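**Q** Need coordinates for the below:
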Amino acid sequence: MFMPVIEDFNVSSKTRYVLWEITENYETLFSGIELDLNSKQLFSQKKSETHRNQFLAVRYLLKYLSIDLNNLNYDSSGKPFFENNYKISVSHSGVYVAVIISDTAVGIDIETINDRILKIKSKYLDTELNYPMELNTETSLVYWNIKESVFKAMEKPGIDFKKNILVLPLDIKKNMLKSWYIDDDKIYSFDTRFKISKKYTLAFVIKN
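**A** Numbering: from 1, shown residues only. From the prediction side, this is the model:
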């Protein structure tokens, strides 16, 4: 199987993360994989070639991870989930596709580098704005990656990124930290990892 996998490692005995950069064209991707009826219906809703390539790339990664696609379904918002107790989170941006699987709640998010994030950082950051650290494009994107990942892991509607999700200051050397989901009743903590590349930022969280 082709696929330039950039990263593939076991975070723990039950959690595995894979990142792929799509270098193949649409024809090559489409000719190399079979879609079941449900997948064909979802695929037909993808209007751009980029979105179609991302959809096919996810299928390749699932095959690469030896995941039985018969156990995979999608909810009304398009979020994937397993019929069994295993957890999965998927993210894609441009030519990058990331997947994390685990026996506990996980979330992952990847974003290609863009300066637009600087214009909206006050909409999703609160306490984080007071940290003694420059919020440039990359660090602002990482905070977004982390909060989006927590949102995915919680599987709960109505989450306010500013009010409900708190992230510790980024440790650029370690690329590891803690983040929390907080509401009126409960607090959940997450082991959090992130990566800053020349072309993208990425983070994933694992619920404690």
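
**Q** pLDDT score assigned to Phe190?
**A** We have a pLDDT of 98 for Phe190.

**Q** ugh, typo on my part, it should be Glu34
**A** 82.

**Q** That one belongs to a helix?
**A** No - under DSSP: H, G, I helix; E, B strand; the rest coil, Glu34 sits outside any helix and is assigned coil.

**Q** Got the domain ranges for this protein?
**A** As given by automatic domain parsing, the domain ranges for the chain are 5-103, 115-192.

**Q** Can you lay out these as a markdown table showing distance to Thr201 and mean neighbour count?
**A** (C-beta placed from N, C-alpha, C; glycine too.) Below are the domains of the chain laid out as a markdown table (distance: least, CB to CB, whole Å; neighbours: other CB atoms under 10 Å):
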| stretch | distance to Thr201 | mean neighbour count |
| --- | --- | --- |
| domain 5-103 | 9 | 15 |
| domain 115-192 | 4 | 16 |
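
**Q** By mean pLDDT, show me the worst of these.
**A** Among those, domain 5-103 scores lowest, at a mean of 85.

**Q** Distance from that one to the middle of the chain?
**A** In this view, domain 5-103 has its centroid 11 Å away from the chain centroid, taken as CA atoms, centre = their mean, to the nearest Å.

**Q** For this structure, which segments count as strands?
**A** Along the chain, counting by DSSP state E, strands occupy 5-10, 16-21, 72-74, 80-82, 87-93, 96-102, 106-112, 165-167, 176-182, 187-196, 200-207.

**Q** circling back: can you list the domains of the chain in TSV and add distance to Asn208?
**A** Output for those, formatted as TSV (distance: least, CB to CB, whole Å):
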stretch	distance to Asn208
domain 5-103	12
domain 115-192	5
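
**Q** Tell me which of the ones you listed sits nearest to Lys207.
**A** Among those, the nearest to Lys207 by CB to CB is domain 115-192 (5.6 Å).

**Q** What about this structure, which residue is the most distant from its middle?
**A** The C-alpha centroid of the chain is most remote from Pro132, which lies 26.9 Å away (CA atoms, centre = their mean).

**Q** So Thr50 sits against Val97, correct?
**A** No - assessed by CB atoms under 8 Å, Thr50 is found out of contact with Val97, at 11.1 Å.

**Q** thinking again about what came up before, right, and the domains of the chain - which one's nearest Ile206?
**A** domain 115-192 (4.6 Å).
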